[in-house]
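**Student:** prediction below, plus the sequence it came from.
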Amino acid sequence: MGILRKLFGRPDPSDVFRMPNNPRDFIGGLGRRKFWRRIDSSILFCVARNAAGEMELLRNFVFVSERFRLVESNFARLANSPDPLFGSQLSGFALTLYRLGSALCKQRISARSEEQAKSAVMFADMAFTSAVLCDPLFLEAYAGMAFLYGGEYGTLNRQVALEWCQKYKEAERRLLATPDEQLNPFQQAAKRGIEDPEEDRRTREEIAMYAPHLLEPTTEDRPIRQLIEKLEGRLMGS
């Protein structure tokens with residue numbers, strides 16, 4: 001049955017913690033796992049390079065992606081039929097992971113037990129940090145981590161939240177300093193949104209009309225930077 005499961009069933013996500021401890025062999029092992037083998041290894045090696053040798057980040061990316069069936073339901077399609085709105089498969093991966101993290105934050109609020117709440121926080125952490133791993137200029141994922149630990153979802157870790165506020169600002173500076181020709185369309189749109197908030201508002205209205213699935217519902221209609229600064233001020237003053 002074990003052989004049949006490996007051939008025809010879904011991979012066991014926990015297997016990832018027993019895979020090789022170096023990026024090259026680790027990615028090579030992914031190429032032999034169901035669903036992952038439908039993704040060109042060059043895309044996965046890009047993720048490994050972003051991990052910069054931190055195997056825990058790479059393992060968490062694979063684990064949370066398999067645990068919530070993102071590879072079969074989304075990544076494989078994005079890898080082979082890139083959405084022109086992204087211009088990069090990895091920005092598509094990042095958005096998928098960010099949306100998962102946001103959904104898990106909501107689960108944290110409605111959790112019926114402390115165990116469920118802790119699991120939701122752990123998986124949300126994996127999802128947001130994996131989004132950053134896929135696209136280091138995906139600003140929403142940095143904000144997701146800051147708000148996850150900033151108390152909004154019932155979990156307060158001031159040090160971690162403040163660290164991610166700072167990481168957000170550093171990533172924003174990198175994005176703004178990067179020439180447009182080195183950015184994919186998704187990143188260019190994010191950059192324009194920072195430089196021209198009014199244009200960003202109009203862009204979001206167009207997306208809401210033609211591709212609402214790309215937007216995360218939010219009760220705030222302010223630039224992320226303002227929300228980060230508000231959170232940072234509250235944490236430093238408390």
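**Tutor:** Looks like it came in fine.
**Student:** show me what contacts the residue nearest the centre of the chain?
**Tutor:** Centroid-nearest residue in the chain, with C-alpha atoms, centre = their mean: Ala131, separated by 2.0 Å. Counting by C-beta atoms under 8 Å, 6 or more residues apart in numbering, Ala131 touches Phe93, Ala94, Leu95, Leu97, Tyr98, Gly101, Phe138, Glu140, Ala141, Gly144. Glycine gets a C-beta too; all of them are placed from N, C-alpha and C.
**Student:** contacts for stretch 142-162 next, please.
**Tutor:** Contacts to stretch 142-162, defined as C-beta under 8 Å, 6+ apart, come from residues 98, 101-102, 105, 108-109, 117, 121, 124-125, 128-129, 131-132, 164-165, 167-168, 171, 224, 227-228, 231-232, 234-236, 238.
**Student:** likewise for stretch 164-176?
**Tutor:** Under C-beta under 8 Å, 6+ apart, the answer for stretch 164-176 is 132, 136-137, 139, 142-143, 145-146, 149, 183, 187, 190-191, 194-195, 224-225, 228, 231-232, 235.
**Student:** ok, stretch 74-85 next?
**Tutor:** So stretch 74-85 is contacted by 35, 38-40, 43, 65, 86, 88-89, 92-93, 96, 185-186, 211, 214 (C-beta under 8 Å, 6+ apart).
**Student:** of the contacts of Ala131, closest to Ala48?
**Tutor:** Ala48 lies nearest to Phe93 out of these, by C-beta to C-beta, at 13.2 Å.
**Student:** thought the closest one was touching Asp135?
**Tutor:** Yes - using C-beta atoms under 8 Å, Phe93 is in contact with Asp135, at 7.5 Å.
**Student:** all helices of the protein, in order?
**Tutor:** Using DSSP state H, the helices found in the chain span residues 2-8, 23-30, 41-51, 55-67, 70, 76-80, 89-110, 114-134, 139-148, 158-177, 185-195, 197-210, 224-237.
**Student:** which one of those helices has the poorest average confidence?
**Tutor:** Mean pLDDT values for the helices of the chain show the minimum at helix 2-8, a mean of 48.
**Student:** list the contacts of Met116.
**Tutor:** Careful, residue 116 is Gln and not Met. So Gln116 contacts Gln107 (C-beta under 8 Å, 6+ apart).
**Student:** distance of it relative to Arg33?
**Tutor:** Note on Gln116: its distance to Arg33, by C-beta to C-beta, to the nearest Å, is 28 Å.
**Student:** repeat for Pro11
**Tutor:** 5 Å.
**Student:** ditto for Pro136
**Tutor:** Following C-beta to C-beta, the distance that separates Pro136 from Arg33 is 25 Å.
**Student:** cool, and Arg234?
**Tutor:** According to C-beta to C-beta, Arg234 and Arg33 sit 43 Å apart.
**Student:** higher neighbour count, those two?
**Tutor:** Neighbours per residue (other C-beta atoms under 10 Å) separate Arg234 from Arg33, with Arg33 holding more: 18 against 13.
**Student:** re earlier: out of the contacts of stretch 74-85, which are buried?
**Tutor:** Phe35, Ile39, Ile43, Ser65, Phe86, Ser88, Gln89, Gly92, Phe93, Thr96, Phe186 (16 or more other C-beta atoms under 10 Å).
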